[in-house]
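Asker: Take this sequence and fold it.
(one chain, ligands or ions: 1)
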Amino acid sequence: MAGKLAVIGAGLMGSGIAQVSAQAGWDVVLRDVTDAALTRGTDGIRASYEKFVAKGRMEAADAEAALGRITTTTDLDAVADADIVVEAVFEKIEIKHEIFRSLDKIVKDGAVLASNTSALPITKIAAVTERPEAVVGVHFFSPVPMMQLVELVRGHKTGDGTLAAARSFAESVGKTCIVVNRDVAGFVTTRLISALVVEAAKLHESGVATAEDIDLACKLGFGHAMGPLATADLTGVDILVNATSNIYAETQDEKFAPPELMRRMVDAGDLGRKSGQGFYTY
Ligand SMILES: NC(=O)c1ccc[n+]([C@@H]2O[C@H](COP(=O)([O-])OP(=O)(O)OC[C@H]3O[C@@H](n4cnc5c(N)ncnc54)[C@H](O)[C@@H]3O)[C@@H](O)[C@H]2O)c1
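Answerer: Model prediction:
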């Protein structure tokens, strides 16, 4: 399966989605608001293809052909004839609403309108369109070329055909899907990692075990590739405090309330790998 794909937003995720899709044979229109953002996006894609070629995991000619299948634009009208549109702009509901309102007016009937949101309810995004049955979540993970999972998220009115088309698309670019049948806060993945990180941070905060031992317990006891506190450092302690706070706000379930230690780490700028200090020192 391949056809015409539009990706809205040429940041980390949008450019990654464009990259794997073009590689799989999709004709991709990549749209951002500035030429500078588009250049950053396509430079990143080119550099990533070059790495795959250097490692012998992709032919140079295939990389060239894939790059040739990506066109860039700042004009939203250029996505009108896409079979599937994947929105990957900032995680702000107002910006997503503005885009989905416009997409609803210009994109052809029968197209799938997908959002790569990490946590915003699909139902809320779809509500500004006249075709909520065509709206679905396709949650890719970072870095897109390396991570196998796509979380498909059903909004309250997502149609079965839309979900099936989203699955075909994700599988066509080499991913494996799980289906989230109701768009609960945090979907499945963010909900699970939030519960684990919150409990791990509480155990660490109360002196029950060191960060190293908590992570070792998950690695050696459960076969996790990475412990929860190392994962928090990699993702960003601030990102996880935000995610868990949002889930807590919606569910009022104490197990998602971010512990004081994590909130103070954010206040102090100890955000994990990106700041050089989190649960570990880098
Ligand atoms: N970063 C991650 O690890 C990750 C993982 C899964 C999902 N997500 C989700 O994917 C989405 C994008 O995240 P990201 O990390 O790629 O963000 P990013 O900041 O790297 O990129 C966002 C891009 O959107 C562009 N943009 C803003 N408004 C726009 C508009 N109106 N039209 C077109 N482009 C516009 C920006 O110029 C920027 O290039 C968010 O919803 C995020 O929650 C992120």
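Asker: Off-centre distance for the helix or strand bottoming out on mean pLDDT in the chain?
Answerer: The helix or strand with the lowest mean pLDDT-type score in the chain, counting by mean pLDDT, DSSP states H and E, is helix 237-251 (a mean of 93). Its chain's average C-alpha position is 16 Å from that of helix 237-251, according to CA atoms, centre = their mean, to the nearest Å.
Asker: do stretch 59-78 as well
Answerer: The answer for stretch 59-78 is 21 Å, by CA atoms, centre = their mean.
Asker: hmm, who's touching it?
Answerer: 6, 8, 10, 18-19, 22-23, 25-35, 38, 41-42, 45-46, 49-50, 52-53, 79, 99, 102-103, 106 (CB atoms under 8 Å, 6 or more residues apart in numbering). Just so you know, the C-beta spots here come from the backbone N, C-alpha and C atoms, and that holds for glycine as well.
Asker: Tell me the buried residues within these.
Answerer: 6, 8, 10, 18-19, 22-23, 26-32, 38, 41-42, 45-46, 49, 52-53, 79, 99, 102-103 (16 or more other CB atoms under 10 Å).
Asker: Residues of this structure that sit close to the ligand?
Answerer: 8-14, 31-33, 37, 88-91, 95, 99, 116-118, 139-142 (CB under 6 Å from any ligand atom).
Asker: Next up, the contacts around the residue of the chain found nearest the ligand.
Answerer: For the chain, the residue closest to the ligand is residue 11, as judged by CB to the nearest ligand atom, at 1.8 Å. For residue 11, the contact set (CB under 8 Å, 6+ apart) comprises 32, 37, 41, 88, 89, 90.
Asker: pretty sure the fourth one is in contact with residue 18, am I right?
Answerer: No. In terms of CB atoms under 8 Å, residue 88 does not count as a neighbour of residue 18; the distance is 9.1 Å.
Asker: Please enumerate the shared neighbours of these two.
Answerer: Shared contacts of residue 88 and residue 18, counting by CB under 8 Å, 6+ apart, come down to residue 7.
Asker: List the contacts of stretch 98-118.
Answerer: With CB under 8 Å, 6+ apart, stretch 98-118 has contacts from 6, 8, 13-14, 17, 76-77, 79-89, 91, 96, 122, 125-126, 128-131, 134-140, 162, 165-166, 169, 190, 243.
Asker: And the average pLDDT for the longest helix anywhere in the chain is what?
Answerer: Ranked by number of residues, the top helix in the chain under DSSP state H is helix 35-54. Helix 35-54 shows a mean pLDDT of 98.
Asker: Likewise for stretch 87-101?
Answerer: 95.
Asker: before we move on, what about stretch 174-194?
Answerer: 96.
Asker: Would you mind measuring the gap between the ends of it?
Answerer: Start to finish, the residues bounding stretch 174-194 are 27 Å apart (CA to CA, to the nearest Å).
Asker: what's in contact with it?
Answerer: Residues outside stretch 174-194 that contact it (CB under 8 Å, 6+ apart): 20, 24, 118-119, 121-123, 137, 139-141, 148-156, 163, 167, 170-171, 228, 231, 235, 240, 243-244, 246-247, 249-251, 256.
Asker: Give me the pLDDT value at residue 1.
Answerer: Per the predicted model, pLDDT is 66 at residue 1.
Asker: do the one 10 residues further on as well
Answerer: Reading off the confidence values, residue 11 has pLDDT 95.
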